[in-house]
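1. just need the structure, nothing else, for what follows:
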Amino acid sequence: MPRPREFDRDDVINRALRLFWERGYEATSIRDLIDATGISSSSMYEAFGDKRGLFLVVLARFCAWERERIAQMALAAASPEQFVSGLFGSIEDAVQPTATAQGSLAFNTMVEFGTRDLDVTELLLAHHAGITQIVADVLRAGQVAGTVTSQQHPLELAYAIVSALHGVATVKGVKADFPYAAAITRVILRLLYA
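-> Presented below is the predicted three-dimensional model:
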């Protein structure tokens, strides 16, 4: 008869998430994970398979959280312009180092992994598409309401916006005072009315 788990799975995932977010995948060792989560290596392997298995669970959780945060921003925004402006404004918070993490774990993982792990790539592509769909839904509603006058397909507009967002986040990640961030935001906002 297998021994019952002696740990809180959600707590372990959340502790591992903080560690991976702070250090990245490669720089996080099994020993680091054991120390941070408080579980034994045998429990970790039994519950998650290995470091990569735990990372995939962590990354999926982060991506779901990030999409939910963006969906909440969309609901709270008074207009599509306010929502898109808020997305670009949220980069400031994402790229400023904190005591434990900086940036988006999803974006950091995209940079760290590239396309070398198919499971990570598929998860990140689905996440990117999910965020883009949230933006497209806001734009589509704006077109219907007349607050977005662009006749461009909302999904195409959304992909342009999210791609620019990632570009600005990348540059601000290495140069926090990037002087063209506000100008790029203004140009992107004009797309809503072009």
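2. helices and strands around the lowest-mean-pLDDT helix or strand in the chain, which ones?
-> For the chain, the helix or strand with the lowest mean confidence is helix 80-95, at a mean of 83 (criterion: mean pLDDT, DSSP states H and E). Judged by 3 or more Cβ pairs under 8 Å, 6 or more residues apart in numbering; DSSP states H and E, the packing partners of helix 80-95 are helix 51-76, helix 118-145, helix 154-174, helix 181-190. (Glycine included, C-beta is placed from N, CA and C.)
3. any idea which of these gets closest to Gly103?
-> Closest to Gly103 of the helices and strands packed on helix 80-95, according to Cβ to Cβ: helix 154-174, at 6.0 Å.
4. what about that closest one, average pLDDT?
-> Averaging pLDDT along helix 154-174 gives 92.
5. same thing with stretch 16-29?
-> Here the average pLDDT along stretch 16-29 is 94.
6. residues in contact with it?
-> 32-33, 36-37, 51, 54-55, 58-59, 61-62, 100-101, 105, 108-109, 112-113 (Cβ atoms under 8 Å, 6 or more residues apart in numbering).
7. do the same with stretch 108-116
-> Trp21, Gly24, Tyr25, Glu26, Leu59, Val120, Thr121, Leu124, Thr170.
8. make a PyMOL selection of the buried ones in those residues.
-> Those of these that count as buried under 16 or more other Cβ atoms under 10 Å are selected in PyMOL with:
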select buried, resi 21+25+59+120+124+170
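9. just give me the neighbour total for Gln133.
-> 16 (other Cβ atoms under 10 Å).
10. got the contact list for it?
-> Leu155, Ala158 are the contacts of Gln133 under Cβ under 8 Å, 6+ apart.
11. per-residue pLDDT, it?
-> So, for Gln133, pLDDT stands at 98.
12. separation between it and Arg67?
-> Separation of Gln133 from Arg67 (Cβ to Cβ, to the nearest Å) stands at 9 Å.
13. and if you look at Leu124?
-> Applying Cβ to Cβ to Leu124 and Arg67 gives a distance of 12 Å.
14. please apply the same query to Glu22.
-> Relative to Arg67, and taking Cβ to Cβ, Glu22 is found at 21 Å.
15. also Gly146?
-> 27 Å.
16. the more surrounded of these two?
-> With neighbours defined as other Cβ under 10 Å, Gly146 and Arg67 compare such that Arg67 has more, 17 against 7.
17. you'd agree the more buried one is up against His127?
-> Yes: between Arg67 and His127 there is a contact at 6.8 Å, judged by Cβ atoms under 8 Å.
18. just to revisit the earlier point, mind checking which of the helices and strands packed on helix 80-95 is nearest Met44?
-> So among the helices and strands packed on helix 80-95, helix 51-76 is nearest, using Cβ to Cβ, at 6.5 Å.
19. helices or strands up against that closest one?
-> Short answer (3+ Cβ pairs under 8 Å, 6+ apart): helix 51-76 packs on helix 9-23, helix 30-37, helix 41-48, helix 80-95, helix 105-113, helix 118-145.
20. fine by me, we can end here.
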